[in-house]
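Asks: fold the following for me, if possible:
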Amino acid sequence: MLILGIDPGKCGALAVLDTETNRVATHDMPGTTRDLHNFIAGLPIIRVAVVEKPFYPPQNGPANAGKKGEAYGVLIGALEWRDIPIQQVRPEEWKRALNVPTDKNAARQRANQFFPDDADQWPLVKHDGRAEAALIAWFGVRWAK
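Replies: Numbering: from 1, shown residues only. Below is the predicted model of the structure:
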């Protein structure tokens, strides 16, 4: 069974978790709508997509919130187009459940614990989105049964 974990955003990522092998394959978030749709179109049958809900801090301003909301809508639309069931989760919910602190390095370290054979996919701090997408997929196992 395959679960798709998604850490949305420009520095985010998508992770496909195979629950049979406990292996995960991560992909950086595509940079264009076309590339995102092509990626989603090429996915095998996904049991559920677990998508982190965006956070809109007021200090980032309305223009940034608008861009983030638009990108999130495109992502949800692509998943709906493929008829992939979607579960949305707040960051604090999945992080609390998996005991992941807010520190980006901590997310990478925690992903190493869950997926030691796949830790080479998030070796650098800038790869925290990959680690978080993998953890979000792991969190999503609860909805895939």
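Asks: okay, and the helix or strand of this structure with the least pLDDT?
Replies: Scoring the helices and strands of the chain by mean pLDDT, DSSP states H and E places helix 61-81 at the bottom, with a mean of 80.
Asks: can you name the element that comes right after that one?
Replies: As assigned by DSSP states H and E, the chain's next helix or strand after helix 61-81 is strand 86-89.
Asks: partners of that following strand in the sheet?
Replies: Its sheet considered, strand 86-89 pairs with strand 48-52 (parallel) by DSSP bridges.
Asks: chain center to the strand it pairs with, what's the gap?
Replies: 7 Å (CA atoms, centre = their mean, to the nearest Å).
Asks: just stretch 124-139 next, same as before
Replies: Mean-position distance between stretch 124-139 and its chain equals 7 Å (CA atoms, centre = their mean).
Asks: show me what counts as buried in that stretch.
Replies: Buried residues in stretch 124-139, counted by 16 or more other CB atoms under 10 Å: 127-139. (C-beta placed from N, C-alpha, C; glycine too.)
Asks: would you mind writing the CA trace of that stretch as CSV?
Replies: C-alpha atoms of stretch 124-139 as CSV (Å, rounded to 0.1, in the frame of the first residue of the first chain):
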residue,chain,number,x,y,z
LEU,A,124,21.5,18.6,4.3
VAL,A,125,19.5,21.2,6.3
LYS,A,126,17.9,22.4,3.1
HIS,A,127,16.4,18.9,2.7
ASP,A,128,14.2,19.2,5.8
GLY,A,129,11.1,19.3,3.5
ARG,A,130,11.9,15.8,2.3
ALA,A,131,12.3,14.5,5.8
GLU,A,132,9.0,16.2,6.9
ALA,A,133,7.1,14.8,3.9
ALA,A,134,8.4,11.3,4.8
LEU,A,135,7.2,11.8,8.4
ILE,A,136,3.8,13.1,7.3
ALA,A,137,3.4,9.9,5.1
TRP,A,138,4.3,7.8,8.2
PHE,A,139,1.7,9.7,10.2
